[in-house]
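In: Please work out how this folds:
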Amino acid sequence: MLLLVFTAAAAALLLLRSIRFRLRRQRSRAFSSFRTAVILVSGYMFTLLVVSMASHQRELPVGFSQCFGDWCAVVTRTQVDGTQALVVLSLHNQGNAPQLRPEEPTIRVLDPTGRRIAPRAESGPPFGQTLKPGETVTKEFQFEIPGDMQYPMVWITEGGWVTRFLIGGGNSFLHRKEVTLLQ
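Out: Have a look, this model is predicted:
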C-alpha cells in the first residue's frame with residue numbers, strides 16, 4: 001500500500017511541476033517532468049502485472065483463515081446439495097482498532113473458466129458490519145450453482161477499487177485467486 005501511495009504522490013507532484021513549467025513557457029522542462037511521471041506510473045503498472053501474472057491459485061482448506069489487514073474470514077463449513085450450496089463464514093477482527101470493517105467485502109462462487117456467481121441469500125449480520133477488537137460473527141451464504149458448473153470454488157475478497165492496484169494483492173488485476181473448494 002505504501003508503494004502505491006508513494007507512486008501516486010510522486011506522479012501527482014511531477015504532473016503539477018510539469019504544468020507549472022508549461023505555464024512559465026519552459027516546454028523542455030515541462031516535457032521532462034511529464035515524461036518522468038509517465039515512466040514512474042508505467043513502471044508501477046508493469047510491476048503490478050508481472051507479479052499478478054506470476055502468481056498461482058491457492059486452494060485453501062476449510063477452516064483456513066484469510067486475513068485482509070486486521071479482519072479475517074474463515075470458511076468454516078461448505079455443503080453442496082444438488083444445485084444448492086451453503087457456505088458458512090466466520091469473520092473476526094484481530095486488530096486493536098476500536099471499530100474495524102472491511103472496505104467492500106465480497107463472496108462469490110467461481111469455476112475455472114472465470115464464471116462468478118453471487119450469493120442468492122445470506123443470513124446473519126451484514127457482511128460489511130463494523131467489528132470491535134476480538135469480535136467474531138458468523139454468516140451463512142446460499143448459492144444457486146448451475147448444473148454445468150465444474151469444480152465450484154468459494155472466493156472471498158475485501159474488494160474496493162484501491163485493492164485492484166496493490167502489487168501482490170489478491171484482488172489486483174490478473175492476480176490468481178485464493179479459493180476454497182466447495183465439497
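
In: contacts and neighbour counts: CA atoms only from here.
Out: OK.

In: and the residue lying closest to residue 36 once chain neighbours are set aside, what does it touch?
Out: Distances taken as C-alpha to C-alpha, 6 or more residues apart in numbering put residue 14 closest to residue 36, at 7.3 Å, once the chain neighbours are dropped. If you count contacts by C-alpha atoms under 8 Å, 6 or more residues apart in numbering, residue 14 has them with 33, 34, 36, 37.

In: so which helix or strand takes in residue 14?
Out: Using DSSP states H and E, residue 14 sits in helix 2-23.

In: Skip ahead from that helix and say which helix or strand is next.
Out: Counting by DSSP H and E, what follows helix 2-23 is helix 27-54.

In: Give me the buried positions along that next one.
Out: Buried residues in helix 27-54, counted by 16 or more other C-alpha atoms under 10 Å: 29-31, 33-34, 36-37, 40-41, 44-45, 48-49, 51-52.

In: now, which of those sits nearest residue 80?
Out: residue 52 (31.0 Å; C-alpha to C-alpha).

In: what's near enough to touch the closest one?
Out: 167, 168, 172, 173, 174, 175, 176.

In: now residue 116
Out: 108, 109, 110.

In: Check what pLDDT residue 98 gets.
Out: Per-residue pLDDT puts residue 98 at 66.

In: biggest separation within the buried residues of helix 27-54, which pair?
Out: Among the buried residues of helix 27-54, 29 and 52 lie farthest apart (C-alpha to C-alpha), at 34.7 Å.

In: Can you give the domain ranges for this protein?
Out: Taking automatic domain parsing as the reference, the chain has its domains at 2-54, 58-181.

In: that older thread, which of the contacts of residue 116 ranks first by neighbour count?
Out: Within the contacts of residue 116, neighbour counts (other C-alpha atoms under 10 Å) peak at residue 109, which reaches 25 neighbours.

In: measure the residue lying closest to that one once chain neighbours are set aside to residue 165 for me?
Out: Excluding its sequence neighbours, the residue lying closest to residue 109 (C-alpha to C-alpha, 6+ apart) is residue 154, at 4.6 Å. From residue 154 across to residue 165, the span is 22 Å (C-alpha to C-alpha, to the nearest Å).

In: Which one's more surrounded, these two?
Out: Set residue 154 next to residue 165 and count neighbours by other C-alpha under 10 Å: residue 154 wins out with 22 against 18.
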